[in-house]
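Undergrad: Here is my input; please provide its structure:
(4 chains)
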Number of protein chains: 4
Amino acid sequence: MSLNSFGHVFRFTTWGESHGPALGAVVDGCPPGLALTEEDIQPWLDRRRPGTSRFTTQRREPDRVRILSGTFEGRTTGTPISLMIENVDARSKDYADVAQAYRPGHADYAYDAKYGLRDPRGGGRSSARETAARVAAGAVARAVIPEVRVRGYLVELGGDPIDRVAFEDAEVDRNPFFCPDAAAATRWAAIVDSARKAGSSVGAVVECVAEDVPAGWGAPIYAKLDAELAAALMSINAVKGVEIGDGFAAARLSGEENGDPMRPGANGRPDFASNHAGGIAGGIATGQPVVVRCALKPTSSILTPMDTVDRQGAATTIATRGRHDPCVAIRAAPVVEAMVALVLADQKMLHRAQCV
Amino acid sequence: MSLNSFGHVFRFTTWGESHGPALGAVVDGCPPGLALTEEDIQPWLDRRRPGTSRFTTQRREPDRVRILSGTFEGRTTGTPISLMIENVDARSKDYADVAQAYRPGHADYAYDAKYGLRDPRGGGRSSARETAARVAAGAVARAVIPEVRVRGYLVELGGDPIDRVAFEDAEVDRNPFFCPDAAAATRWAAIVDSARKAGSSVGAVVECVAEDVPAGWGAPIYAKLDAELAAALMSINAVKGVEIGDGFAAARLSGEENGDPMRPGANGRPDFASNHAGGIAGGIATGQPVVVRCALKPTSSILTPMDTVDRQGAATTIATRGRHDPCVAIRAAPVVEAMVALVLADQKMLHRAQCV
Amino acid sequence: MSLNSFGHVFRFTTWGESHGPALGAVVDGCPPGLALTEEDIQPWLDRRRPGTSRFTTQRREPDRVRILSGTFEGRTTGTPISLMIENVDARSKDYADVAQAYRPGHADYAYDAKYGLRDPRGGGRSSARETAARVAAGAVARAVIPEVRVRGYLVELGGDPIDRVAFEDAEVDRNPFFCPDAAAATRWAAIVDSARKAGSSVGAVVECVAEDVPAGWGAPIYAKLDAELAAALMSINAVKGVEIGDGFAAARLSGEENGDPMRPGANGRPDFASNHAGGIAGGIATGQPVVVRCALKPTSSILTPMDTVDRQGAATTIATRGRHDPCVAIRAAPVVEAMVALVLADQKMLHRAQCV
Amino acid sequence: MSLNSFGHVFRFTTWGESHGPALGAVVDGCPPGLALTEEDIQPWLDRRRPGTSRFTTQRREPDRVRILSGTFEGRTTGTPISLMIENVDARSKDYADVAQAYRPGHADYAYDAKYGLRDPRGGGRSSARETAARVAAGAVARAVIPEVRVRGYLVELGGDPIDRVAFEDAEVDRNPFFCPDAAAATRWAAIVDSARKAGSSVGAVVECVAEDVPAGWGAPIYAKLDAELAAALMSINAVKGVEIGDGFAAARLSGEENGDPMRPGANGRPDFASNHAGGIAGGIATGQPVVVRCALKPTSSILTPMDTVDRQGAATTIATRGRHDPCVAIRAAPVVEAMVALVLADQKMLHRAQCV
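TA: Numbers count the residues shown, from 1 in each chain, chains lettered A, B, ... in the order given. Below you'll find the predicted structure:
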């Protein structure tokens, strides 16, 4: 199996480095006949694009996507869809230090330990810039699952959670934090500003809900819908934890509290009195909203000098110059959405293969 | 890709239902020449075996494993290793209710929604009994990674965490809870007894540490070591959350707090001042201990009647008879260990394929 | 990817050695709700079973199949179907010579070169006995594609081809050679008798036709229907060549001769004036009969002494005792059918995933 | 599994249509540290490039390859290598007829039957132009297996075979037919000229030999080296048959004739007295030259009008304008080489994963 690919029958492969000429994705297995142009993909990339507020990296990338194959007269043909985004604002000279020493918490050392060499410019392949390709692929996935609404947002930043009572869906698009709580967004601005000025960084928690996922998508045992989502989210840069439904809190409930009672609902489907399960049981969707959550650590590239070693193993310190997100998790919301959409598109097709 | 298989080059497939004649695993891609007999596998199965204390299900299964292929004169030959465990104590008559109505929180409804039919006896394929096959396969994986020590234990049960100061590795094998804190184990006995007598159930958190994983195992982007571990653990019955290293707590740290500073260590390898990362950066092992944690919900099969619907969609209530674990998480510790070992064996071989 | 597995979404894994306790297959991804009992599988195994005439090996194996999982009350449940066949007539003592020296043309030397050790009893994993598991899995595949008729037969044996004018479908089941030409069958009996008495062996060519394969099954580029069939057939023991439609003869035609002209047919489908293409164009079924052919070399296990080397590299000679097929290709006809059915079941499901 | 990808651990994905803006390949899993620049890839593309003699299509494509990712300072980094080739000489207006009616023998009808729509310009995805991406990927594969020499050439064209006695390796590069027999090349020029002038086309047989493949590469059962090669070659446009070693001729030999006797050789390896097996036994390389052969049908795009149906199912005739190869098999020799190299690179890495 290829390690830069994801999915079973709806499958995408990403390629590209932070400071190479371009990056992209090849989406394979897409159903034919779907309307798809660059204009259908661009808006999703624009949501993730850097440099749109002072709270994200100041790198200026237009992130314009090109469709190089797989469509004809505005429709998918069923053949692989090649998507390319050119890098236009790379400043590789900032990375001389990083080439010689390892940023604590970053992938620098691990890449060298594995491969014996690495592209240090902007983090190379380990850069969060790779996630632009996922967002482009995710836009194709959305075309495969028009019946599902996938919505991501931040529920905690720098240890400061939103107030669930104040949750307003429309607010997510009104502030630069994908935050559904206006008051929290105001507080978060101060937190990120403070971290940015201190040359530090903060983490956050992203939640994503997929509504109207049909009961039955998913599969036992090793391609469970929750297992696929866990892999998808944990593959995103900086993610260190993943939860489905109540997640870790479920471990503190009793069996009676945790079960989601059913009663007769519309169209012969049950209504559920609660959704502790996050819409998945036995790895298969129940028809309730699918709820996932992931924790992102603070950016490892910070201005504060840290103890480290250089490539020869000698002691040194490193402070990361270059342009970085003080909270990489902010721009992760569209990435989480994309990964959820990609998993669901694949599972829809897998379900159709076996069960329709 | 097969949905009841896991792994890339070291790959296993499990099969079997709770009340079928047998269950098993086929392990494919195992290196040749490794010493392997049934006696090497049985002890790991015995740790997971039901009925060994009053805190687990009273179903009496000897869980004797047979090797049906892939070894010759006590050594692996490189061909597929077929492992079979017979079911000997199934009492299918207990499941008449479950066949007609859906247990809240259980996979019953989701299976019917997907497949249109299911084997209701003991939960069929969705039973935790399937994990016996994983433990058997995991024993083969351990033979592939003799350099690594994989150790799982419970760190929280029913909302009651261990005291990390009291952590004693040897204690894990001395109590029926895989608990490294003797005082916590005593408290947990009362918690589980209480839940059992009340016809209820409790959840728990399992932690697993893999020591001496060589720096370099793992891979970007979609087969990151942490992504594979997340999928592996989330595929275990009842798991609702997975963390690597500090997990969700990392989202509350600053960049300076979260980075693991390095200094020159022995053999040219760095020493790390901390291990917030849980031994993985950029999806690749750093050489530090790999630390994973997963949350298991309380067992859905409880004696307390719950509101639900039957197969025809009519309202009813259900209380689960049959024999069940009041805390399925207890016996999950060996399963988590097995899944971690299986991921690491695969990643070792993948690393060797590309990088040696 | 697992190397003892085959297929994408309808996927099977085989295991077992010639003289181990058993062999089997795990079929994963099967649609739910299909009628399937051991009685549906056994007849196909009986067609391949050894010892039914003097023209095949005299090893007496009942080849009784057991379904260990994946069905409930006579229907598939969508979970993995584990099939097991016990070995009951192994005589391992015949293989002392084979353990020490390499049969020319056989896999003995290659296995040792790869693995450093091997199970020499009956050829171990390289034995044609493994194909029993394929035939069992193929019976499940047939249940997935009831619309298709798959029919295999021999068209040449020992260099003696059938007369196409004398082709009679019903004759295939009347003689021990799966030969559609009664006169050829009579000649072949003499050829095989002669080879058997001389301690020699002969090869043959098997053809297989799949009728009523719907236009559209198959896929570009690396899972072309013909590419999958080629892999499937070339994976059968002793196969050294594969053809689709006219095969090598197509290379001697002109473009006008080779094209299959179309004219309007029934139900809006075209009628084709010929079938040089063997029912596949661009890797996708055209709706015409799918025609494949494969050449099987003569059995390598012969009584005539041959020059060879032993495990230490010293010169020696070897003559294979033990019981062997003088023409292993005879019993390959049901195996070829099974592999064709397995490929088609997988492609039907893949097509449904993407295009329905 | 992705259908436009090939390989297990060394895996490539191709994308692109004949008349789209570009086509390309993403090569994943490549070992790090290998010297690789565009200059290492271009010469292989130049061998396959169209328009270099009057015997191939007159489309003028420079086929310049760009490396967009996966290398740093002239060395592979272990991350995905994205290769892109721009299309510069597409004349889509020639394809109005093809858009409305189906060329007999071509993929036009099958694509429409599968997808309901297709890109008719130059054959879209079904064009042999896709093979340029394979040749680019194949050049990367060659860097992975420097110990192996892969050499492809034509052994028959239009039914006219070479004289094996006249075989001269150096001659292959001296004529436009990749023909190792100078006299045959002269005859073939007349055959192709004649077909071209008549608006017809001819087929051919390509042979490929891989020397110094180490004994042990390959694997049972469904990733046998010969099964992988068969799939690889059958996936090439126009291929209708594949042989390993003696191929179909082996079915006419006796067991004594077909076995390749061994005697003690250098370095503890056996010497083989013959190579009927084509270097593969039991799916595993024996250390002898690996010999494969494939038959390519005549090009389906011919000027001679043929009976066919249009998209509405009505009777019509079609004659293919546009620029086409009168013998597409000529330029297939570099493609066959590339596919053989790609299979071997993958198998080398798989072998290392399991057995070193």
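Undergrad: after the helix or strand hosting A:Leu233, next one along is what?
TA: Using DSSP states H and E, A:Leu233 maps to helix A:225-234. Downstream of helix A:225-234, the first helix or strand assigned by DSSP H and E is strand A:239-244.
Undergrad: does chain D sit close to stretch A:203-220?
TA: No: using Cβ under 8 Å from any Cβ of the partner chain, stretch A:203-220 stays clear of chain D, coming no nearer than 15.5 Å. C-beta coordinates here come from the backbone N, C-alpha and C atoms, glycine included.
Undergrad: Is any residue of that stretch near chain B?
TA: Yes: using Cβ under 8 Å from any Cβ, stretch A:203-220 reaches chain B at A:203-205, A:215-220.
Undergrad: farthest-separated two in the residues you listed?
TA: Farthest apart among these by Cβ to Cβ are A:Gly203 and A:Gly216. That separation is 35.6 Å.
Undergrad: for the helix holding A:Leu233, packing partners?
TA: strand A:239-244, strand A:290-296, helix A:332-355, helix B:225-234, strand B:239-244 (3 or more Cβ pairs under 8 Å, 6 or more residues apart in numbering or on different chains; DSSP states H and E).
Undergrad: Next, count neighbours for the residue of the stretch 151-300 of chain A at minimum distance from chain B.
TA: At 2.4 Å from chain B, A:Gly282 is the closest residue in the stretch 151-300 of chain A, using Cβ to the nearest Cβ. By the measure other Cβ atoms under 10 Å in any protein chain shown, the count of residues near A:Gly282 is 29.
Undergrad: Repeat that for A:Val213.
TA: The tally of other residues near A:Val213 (other Cβ under 10 Å) stands at 27.
Undergrad: cool, and A:Ser53?
TA: A:Ser53, neighbours per other Cβ under 10 Å, totals 12.
Undergrad: contacting residues for the closest residue to it other than its chain neighbours?
TA: Among residues not flanking A:Ser53 along the chain, A:Pro176 sits closest, at 3.9 Å (Cβ to Cβ, 6 or more residues apart in numbering or on different chains). By Cβ atoms under 8 Å, 6 or more residues apart in numbering or on different chains, the contact set of A:Pro176 is A:52-53, A:55-56, A:185, A:189, A:330.
Undergrad: Same check on A:Pro104?
TA: Counted by Cβ under 8 Å, 6+ apart, A:Pro104 has contacts A:300, A:306-308, A:318, B:259-262.
Undergrad: Alpha carbons only: can I get the helix holding A:Leu233 in CSV?
TA: The C-alpha atoms that make up helix A:225-234 are tabulated as CSV, following Å, rounded to 0.1, in the frame of the first residue of the first chain:
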residue,chain,number,x,y,z
LEU,A,225,-16.0,4.3,10.2
ASP,A,226,-14.6,5.5,13.5
ALA,A,227,-11.2,3.8,12.9
GLU,A,228,-11.0,5.4,9.4
LEU,A,229,-11.9,8.8,10.9
ALA,A,230,-9.3,8.4,13.6
ALA,A,231,-6.6,7.6,11.1
ALA,A,232,-7.7,10.5,8.9
LEU,A,233,-7.6,13.0,11.6
MET,A,234,-4.4,11.7,13.3
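Undergrad: Counting neighbours, which bits of it end up buried?
TA: A:225-234 (16 or more other Cβ atoms under 10 Å in any protein chain shown).
Undergrad: same question, stretch A:168-185
TA: A:171-172, A:175-181, A:184-185.
Undergrad: So A:Gly203 and A:Gly216 - more neighbours on which side?
TA: Shown here are A:Gly203 and A:Gly216; by other Cβ under 10 Å, A:Gly203 has more neighbours (29 against 22).
Undergrad: Can you get me a residue count around the residue nearest to that one when sequence neighbours are not counted?
TA: The shortest distance from A:Gly203 to any non-neighbouring residue, by Cβ to Cβ, 6+ apart, is to B:Ala251 (3.7 Å). By other Cβ under 10 Å, the residues close to B:Ala251 number 27.
Undergrad: of all of the stretch 101-250 of chain A, which residue lies closest to chain C?
TA: Nearest residue of the stretch 101-250 of chain A to chain C: A:Pro220, at 6.6 Å (Cβ to the nearest Cβ).
Undergrad: how deep is that residue tucked in, by neighbour count?
TA: 28.
Undergrad: Just to check, it is in contact with A:Glu228?
TA: No: between A:Pro220 and A:Glu228 there is no contact under Cβ atoms under 8 Å: 12.0 Å.
Undergrad: on that earlier part again, give me the neighbour count for the closest residue to the residue of the stretch 151-300 of chain A closest to chain B other than its chain neighbours.
TA: Distances taken as Cβ to Cβ, 6+ apart place B:Ala107 nearest to A:Gly282, at 2.4 Å, with adjacent residues excluded. B:Ala107: 27 surrounding residues under other Cβ under 10 Å.
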